[in-house]
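Q: heads up, no residue letters with this:
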């Protein structure tokens with residue numbers, strides 16, 4: 001557009017001036033390097049903060065990712081130190097920022113981790129509860145108690161998982177819950193050991209009860225023998241039941257049932273004092289019975305009856321003294337049995353039966369009458385008429401005495417008839 005030389009020169013001068021100003025040098029290379037490295041470090045700090053705030057990561061994972069951030073940042077910064085122009089510096093900066101950003105990798109979402117953790121707790125609880133149920137060393141009561149503890153610890157672990165704010169808390173709740181649940185199953189002594197212990201307890205019970213029986217003063221030796229044999233039989237049956245038992249409950253039941261039977265095998269008798277009173281009463285009854293037998297024996301005289309009844313009272317009193325002095329059932333029984341024998345032995349029926357006594361009495365009267373009649377016949381002081389009269393009186397008194405003998409009800413009456421008849425016959429001369 002210049003119309004003359006001056007305009008042309010002026011355009012040249014203005015253009016040169018403007019073009020000289022168009023070159024604006026950037027920051028120094030060192031300054032750009034420093035800025036680029038700072039930008040990478042700032043991004044690294046931001047990413048590490050994001051990693052720390054990421055609840056889906058565990059502490060270990062966070063440390064690993066943060067270490068990776070630092071390693072990447074350090075490598076990218078070191079790379080910048082070797083660059084010589086702005087373009088390379090900018091490219092290295094952008095690459096470093098992308099590299100650092102890529103080191104933050106979130107884990108499984110926290111809610112998903114919690115759901116998985118609860119399933120793990122449930123599975124562990126079910127496994128341990130089954131192990132408890134299958135444990136033959138535990139009684140049903142112990143199984144119930146341990147199972148309830150598993151349920152409680154599983155619930156507590158689930159609540160801890162719900163309350164967890166990050167992956168570490170979730171994992172700790174899993175670890176603690178699993179440990180607690182596993183520890184809830186506590187086996188007892190092996191079944192064989194429990195059997196042996198039960199057998200020893202049963203032996204001890206049997207020995208104790210047999211000793212109690214042996215020391216029981218209310219029992220006779222025969223009763224002790226019967227009860228001791230029953231203890232031995234029940235102990236033998238109990239041992240077999242224990243040997244057949246396959247778990248803690250059946251072992252305990254066999255021990256309990258048979259221990260009870262063995263304890264019941266000892267049945268004390270009535271008290272020693274009661275036994276004394278009872279046996280003394282029985283002695284009185286026996287003595288009364290024997291004395292009644294004596295009184296009813298028509299072959300005995302009143303004197304003989306009195307003597308025998310007195311003997312009964314004497315041996316009864318002696319037996320009662322022995323019973324009262326006895327200290328146990330055997331002593332009481334021995335004294336009682338001997339007392340009964342002694343009381344029974346005091347009744348001795350008459351040696352001659354009443355019919356024989358009557359026959360003997362009549363023979364005595366016949367002899368006495370014959371003697372008196374002979375005396376009358378030989379009496380020179382009497383006339384024949386007087387002799388006949390007296391002899392007739394003798395016969396009459398003899399007949400009367402014989403009738404009295406026939407009517408006699410006991411030995412005393414027979415003896416009285418003899419005495420009276422002899423007296424009358426004798427006085428007839």
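A: Arrived safely. Because the structure is predicted, anything quoted here is derived from the model rather than measured.
Q: How confident was the prediction at residue 25?
A: Here the pLDDT value assigned to residue 25 is 55.
Q: Now residue 108: closest residue in space, sequence neighbours ignored.
A: residue 56 (6.2 Å; CB to CB, 6 or more residues apart in numbering). Glycine gets a C-beta too; all of them are placed from N, C-alpha and C.
Q: So what's the residue count around the one you found?
A: Residue 56 has 17 neighbours, counted by other CB atoms under 10 Å.
Q: OK, contacts around it?
A: The neighbourhood of residue 56, defined by CB atoms under 8 Å, 6 or more residues apart in numbering, consists of 106-110, 113, 166-167.
Q: If we use 6 Å, what do you get?
A: By CB atoms under 6 Å, 6 or more residues apart in numbering, the contact set of residue 56 is 106-107, 109-110, 167.
Q: Got a quick PyMOL command for the buried subset of those residues?
A: Per 16 or more other CB atoms under 10 Å, the buried members of those correspond to this PyMOL selection:
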select buried, resi 107+110+167
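Q: and the contacts of residue 56 as a markdown table, adding secondary structure, distance to residue 128 and pLDDT?
A: A markdown table is the format used below for the contacts of residue 56 (DSSP: H, G, I helix; E, B strand; the rest coil; distance: CB to CB, whole Å; pLDDT from 0 to 100):
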| residue | secondary structure | distance to residue 128 | pLDDT |
| --- | --- | --- | --- |
| 106 | coil | 34 | 87 |
| 107 | coil | 28 | 88 |
| 109 | coil | 29 | 93 |
| 110 | helix | 27 | 93 |
| 167 | helix | 25 | 94 |
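Q: For residue 279, state which of the contacts of residue 56 is nearest.
A: Closest to residue 279 out of the contacts of residue 56 is residue 167 (90.8 Å), distances taken as CB to CB.
Q: give me the element residue 135 is part of.
A: Of the helices and strands defined by DSSP states H and E, none includes residue 135.
Q: separation between it and residue 257?
A: Using CB to CB, to the nearest Å, residue 135 is found at 23 Å from residue 257.
Q: What of residue 33?
A: Residue 33 is 94 Å from residue 257, by CB to CB.
Q: what about those two, which has more around it?
A: Looking at residue 33 and residue 257 with other CB under 10 Å, you find the greater number of neighbours at residue 33, namely 22 against 14.
Q: Relative to residue 263, which of the contacts of residue 56 is nearest.
A: residue 167 (62.4 Å).
Q: pLDDT at the closest residue in space to that closest one that isn't next to it in sequence, what is it?
A: Counting by CB to CB, 6+ apart, the nearest residue to residue 167 once its immediate chain neighbours are dropped is residue 58, at 4.5 Å. With respect to pLDDT, residue 58 scores 90.
Q: quick one, what contacts residue 394?
A: Counting by CB under 6 Å, 6+ apart, residue 394 has contacts 369, 372-373, 425, 428.
Q: list the buried ones in whatever helix or strand it lives in?
A: If you go by DSSP H and E, residue 394 is part of helix 384-407. Of all the residues in helix 384-407, those buried under the rule 16+ other CB under 10 Å are 387, 390-391, 393-394, 397-398, 400-402, 404-405.
Q: where do the helices sit along the stretch 101-250 of the chain?
A: 110-133, 140-163, 167-184, 191-214, 221-244, 248-264 (DSSP state H, counting those that start in this stretch).
Q: Figure out which of those helices is closest to residue 43.
A: Nearest of the helices of the stretch 101-250 of the chain (CB to CB): helix 167-184, 24.4 Å.
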